[in-house]
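In: I'll drop the sequence and a predicted model, then ask my questions.
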Amino acid sequence: MDSILKQAQEVAADCIALRRKIHRHPELADGEFETTKLIQETLGSWGIEEQPLGLPTGAMGIIRGEAGRTDERVTLLRADIDALPMQDRSGVPYASSVPGVSHACGHDGHVAILLGAGRLLAQQKSRLTGTIKLLFQPAEETGTGSHAVLKAGILTNPTVDCAVALHGWPECQLGHLGVFSGAYMASADSFTVTFKGGSAHGAYPHRVPDALNAAAHGVTLLNEITSRRIDAKRPAVLSVCMFHAGTAPNIIPEEAVIAGTIRTQDAAVRQQIQQEIHRVVQGIADANGCSASVAFQHGPAPLVNSHEVIQQLKAAWSSLFGPDSIDPLESVMSSEDFSDILSQVGEGAFVRLGITKEGAPLHHIHTEEFDFNDEAIVYGIALLVKFIMDRHGGQ
């Protein structure tokens with residue numbers, strides 16, 4: 001175990017340099033061309049075979065164990081690579097050179113960790129069995145990247161049976177690992193409801209079906225679905241967040257549109273809420289003499305961590321840094337598109353890597369002051385390497 005940590009420390013400087021280069025040149029979802037090029041060049045220079053994705057951005061390395069064919073396990077390790085449309089006010093010397101774009105979610109750190117882990121694992125492939133895939137996924141922030149890489153065939157040739165990702169987490173202290181077994185994060189779907197009535201002068205509302213009035217009732221009744229139609233023991237959130245109608249204060253608009261978000265950790269509840277929205281909307285439309293339509297945009301699925309894989313990750317971390325530095329997390333209603341990969345693989349986990357040094361200011365992700373802590377890179381590399389060495393026969 002000590003040798004793994006020592007090896008991680010030896011490659012950390014190169015990984016930190018890579019992270020800072022990526023941080024200085026951030027790229028938004030589906031535009032990560034230079035980031036992809038840098039990843040591909042690094043994989044090649046470190047002797048890691050690349051498995052083409054056939055996508056404009058993103059990359060995947062593959063390490064084939066050479067310690068015999070008795071174990072055909074295939075594990076996928078994933079890092080996201082895109083940045084956010086936010087200004088960088090971190091004040092670091094390597095701050096973003098692109099106005100209005102920054103790595104405010106720490107994906108630069110995730111890339112550096114996975115590259116470092118891949119470098120060490122490639123050096124140890126004579127001691128490994130099975131196959132390890134290193135996925136550098138584009139477009140996580142838009143929730144579309146997972147679908148693209150899944151369609152590209154990342155889970156086949158050979159078939160993946162376990163998928164793992166880590167995410168830098170300011171709320172966890174540096175040198176700690178945050179874990180949750182079971183349903184950890186929510187699905188993220190959006191809906192748009194369009195009510196259509198008639199247009200009339202505001203002085204004569206009786207002349208037309210009032211789409212705006214119907215939409216107003218929609219805001220109230222849709223927001224009540226989770227409190228009145230969903231079992232309180234099954235977490236779910238429905239929030240109407242947009243309302244568009246009208247062009248003048250004395251004209252009843254012909255059309256009114258409301259839209260919102262749906263979050264749940266349960267696939268059955270996810271489906272039930274959509275059915276309830278249809279039912280409520282149709283009832284409102286009928287009551288107001290309007291017509292109505294509902295459109296859904298489906299985002300990431302609920303993220304469910306496998307108990308067995310969480311235990312394996314905890315064991316790997318404990319052997320390196322001790323069990324007292326493992327922090328239990330609480331389930332949350334935010335989402336992560338790695339869930340789409342997990343739901344297809346069936347086995348895997350998403351864990352939180354502590355990055356905030358004791359006594360340092362807490363800067364949350366998705367804020368302009370955030371910067372991934374370089375000191376956390378060693379911890380992330382060591383965890384992934386130890387996990388793979390345990391899972392794929394390395395001693």
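Out: Yep, it's here. These numbers come from a predicted model, not from an experiment.

In: and the nearest residue to residue 266 once chain neighbours are set aside, how many residues sit next to it?
Out: Once flanking residues are discounted, residue 266 sits nearest to residue 234: 5.2 Å by Cβ to Cβ, 6 or more residues apart in numbering. Quick note: C-beta positions are derived from backbone N, CA and C, even for glycine. Neighbourhood size, residue 234 [other Cβ atoms under 10 Å]: 14.

In: Break this protein down into its structural domains.
Out: Here the domain parsing of the chain from automatic domain parsing is 2-185+301-391, 189-297.

In: What separation do you get for residue 123 and residue 389?
Out: Using Cβ to Cβ, to the nearest Å, residue 123 is found at 12 Å from residue 389.

In: typed the wrong thing, it's residue 36
Out: Residue 36 is 28 Å from residue 389, where distance means Cβ to Cβ.

In: now swap in residue 356 and tell me
Out: 28 Å.

In: and if you look at residue 148?
Out: Using Cβ to Cβ, residue 148 is found at 30 Å from residue 389.

In: next one: residue 108
Out: For residue 108, the distance to residue 389 - Cβ to Cβ - is 26 Å.

In: the more surrounded of those two?
Out: More crowded of residue 108 and residue 389, by other Cβ under 10 Å: residue 108, with 28 against 19.

In: Please name every helix or strand in contact with the strand or helix carrying that one.
Out: Element membership for residue 108 (DSSP states H and E) is helix 107-123. For helix 107-123, the packing partners by 3 or more Cβ pairs under 8 Å, 6 or more residues apart in numbering; DSSP states H and E come out as helix 2-24, helix 33-45, strand 59-64, strand 74-80, strand 131-137, strand 162-173, helix 376-391.

In: Of these, which is nearest residue 341?
Out: In terms of Cβ to Cβ, the element of the helices and strands packed on helix 107-123 nearest to residue 341 is strand 162-173, at 5.1 Å.

In: before we move on, back to that, need the helices and strands packed on helix 107-123 in a markdown table with mean pLDDT and distance to residue 370, can you?
Out: As requested, these are arranged in a markdown table below (pLDDT from 0 to 100; distance: least, Cβ to Cβ, whole Å):
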| stretch | mean pLDDT | distance to residue 370 |
| --- | --- | --- |
| helix 2-24 | 96 | 11 |
| helix 33-45 | 98 | 18 |
| strand 59-64 | 97 | 25 |
| strand 74-80 | 98 | 15 |
| strand 131-137 | 98 | 20 |
| strand 162-173 | 98 | 7 |
| helix 376-391 | 98 | 13 |
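
In: need the ones you listed in TSV with distance to residue 201, can you?
Out: Output for these, formatted as TSV (distance: least, Cβ to Cβ, whole Å):
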stretch	distance to residue 201
helix 2-24	57
helix 33-45	54
strand 59-64	60
strand 74-80	53
strand 131-137	54
strand 162-173	54
helix 376-391	63
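
In: between these, which gets nearest to residue 90?
Out: helix 2-24 (8.6 Å).

In: what's the closest one in contact with?
Out: With Cβ atoms under 8 Å, 6 or more residues apart in numbering as the test, helix 2-24 has contacts from 35, 38, 42, 81, 92, 94-97, 102-103, 108-109, 111-113, 115-116, 119-120, 320, 371-372, 374, 377-378, 381-382, 385-386, 389.

In: can we see that at 7 Å?
Out: Applying Cβ atoms under 7 Å, 6 or more residues apart in numbering, the external contacts of helix 2-24 come out as 35, 38, 42, 94, 96-97, 103, 108-109, 111-112, 115-116, 119-120, 320, 372, 374, 377-378, 381-382, 385-386.

In: Kind regards, and thank you for your time.
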